[in-house]
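Undergrad: could you look at this predicted model? Sequence included:
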Amino acid sequence: MFPESPLLAIDGLVKRFGGFRALDGLSFYLREGEILGVVGPNGSGKTTCINVISGLHAPDGGSVTFAGRAIGGLKSHQLVRLGINRTFQVPRPFMSLTVRENVAVAEAYGGKPQERVDIGALLASLELAPLAGRRAEELNSAQQKMLDLARALATSPRLVLIDELAAGLNPAELERVAARLKEIARSGVALLVVEHLMGFIQEITDRVIVLNAGKEIFEGVMDDAIRDKRVVEVFLGAEDEG
Ligand SMILES: Nc1ncnc2c1ncn2[C@@H]1O[C@H](COP(=O)(O)OP(=O)(O)OP(=O)(O)O)[C@@H](O)[C@H]1O
Ligand SMILES: [Mg+2]
């Protein structure tokens, strides 16, 4: 059952690639200020889910409702204006622009004119201030992921879809990123966090959903997920293959 008026409601979402259903009737919701973890084995549809909600791919079935409005099939730039932004599993910043310029471009094209963002403060909050004048191509992959998050936050989003931000961070960095994400959520922004690092997911999320083959097989808190028979089977099965 969905709560009365969630910020995001996904109902029966289908995404096909040829005859293959990467999303096969996926349903879930997300409240304002909530951190929802989305976990599942490789290929279970996590990135596809973000790609459809963020407008990179149009859905082939089902509905996506954001703040009470049907948004399925809208383009990314339209969704950014409505308050949905995302990070990428493999970030693609403008490599020859500096960190600050990358964020300024995002703010200029996706931000809200009435809500100017303090880019210096934003960079500082993500530990990018010392790198502000560096070109994106000089950053390591973990730093590029933080730049990608800064780019998304520069557009004053209400919902950020985060695809494997934690990969490549050391434990101290992980802890700081976790604290920062929780702060962002406390300010009212909803976060959908796709991550393979279960400790990180456990620390930051209010709730998780587990995907397998484009369907939800579990919804609840992480403590219950790790005891759920279907979830355990899916993850042990995935380990056997690897
Ligand atoms: N553009 C595409 N064209 C064809 N097939 C695709 C496309 N994007 C994803 N798929 C397929 O859809 C399925 C789900 O992929 P997706 O990238 O959503 O998985 P994921 O859960 O994010 O996996 P991972 O944990 O490895 O990132 C996979 O079988 C993938 O090969
Ligand atoms: Mg993925």
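TA: Thanks, I have it. Numbers count the residues shown, from 1 in each chain. Ligands and ions are numbered 1, 2, ... in the order given.

Undergrad: quick one: average pLDDT of the top helix by length along the chain?
TA: In the chain, taking DSSP state H as the definition, the longest helix is helix 171-186. Mean pLDDT, computed over helix 171-186, is 95.

Undergrad: what's in contact with it?
TA: Defining contact as Cβ atoms under 8 Å, 6 or more residues apart in numbering, one finds that helix 171-186 is touched by 33-35, 125-127, 142, 146, 153, 160, 162, 165-166, 169, 191, 193, 197, 200, 203-204. Every residue, glycine included, has its C-beta placed from N, CA and C.

Undergrad: one more time with 10 Å
TA: Applying Cβ atoms under 10 Å, 6 or more residues apart in numbering, the contact partners of helix 171-186 are 32-36, 125-127, 142-143, 145-146, 149, 153, 157, 160, 162, 165-166, 168-169, 189-191, 193, 197, 199-201, 203-206.

Undergrad: distance between the helix or strand just after that helix and the chain's centre?
TA: Next along the chain after helix 171-186, taking DSSP states H and E as the criterion, comes strand 190-194. Going by Cα atoms, centre = their mean, to the nearest Å, the spacing between the C-alpha centre of strand 190-194 and its chain's C-alpha centre is 4 Å.

Undergrad: tell me the strands beside strand 190-194, with direction?
TA: The pairing partners recorded for strand 190-194 under DSSP bridges are strand 35-39 (parallel), strand 159-163 (parallel).

Undergrad: which one of those strands lies nearest to ligand 1?
TA: Of all these, strand 159-163 sits nearest to ligand 1, with 7.3 Å by Cβ to the nearest ligand atom.

Undergrad: tell me the mean pLDDT over the closest one?
TA: 98.

Undergrad: could you do stretch 111-119 as well?
TA: 88.

Undergrad: helices along the chain, start to end?
TA: 46-53, 76-82, 99-110, 119-125, 141-153, 171-186, 198-204, 222-225, 229-241.

Undergrad: generate a markdown table for these, with mean neighbour count and distance to residue 5 as supplementary columns.
TA: Putting the helices of the chain into a markdown table (neighbours: other Cβ atoms under 10 Å; distance: least, Cβ to Cβ, whole Å) gives the following:
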| stretch | mean neighbour count | distance to residue 5 |
| --- | --- | --- |
| helix 46-53 | 23 | 18 |
| helix 76-82 | 16 | 16 |
| helix 99-110 | 20 | 25 |
| helix 119-125 | 16 | 29 |
| helix 141-153 | 23 | 24 |
| helix 171-186 | 15 | 18 |
| helix 198-204 | 18 | 24 |
| helix 222-225 | 16 | 25 |
| helix 229-241 | 12 | 29 |
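
Undergrad: sweet, I'm off.
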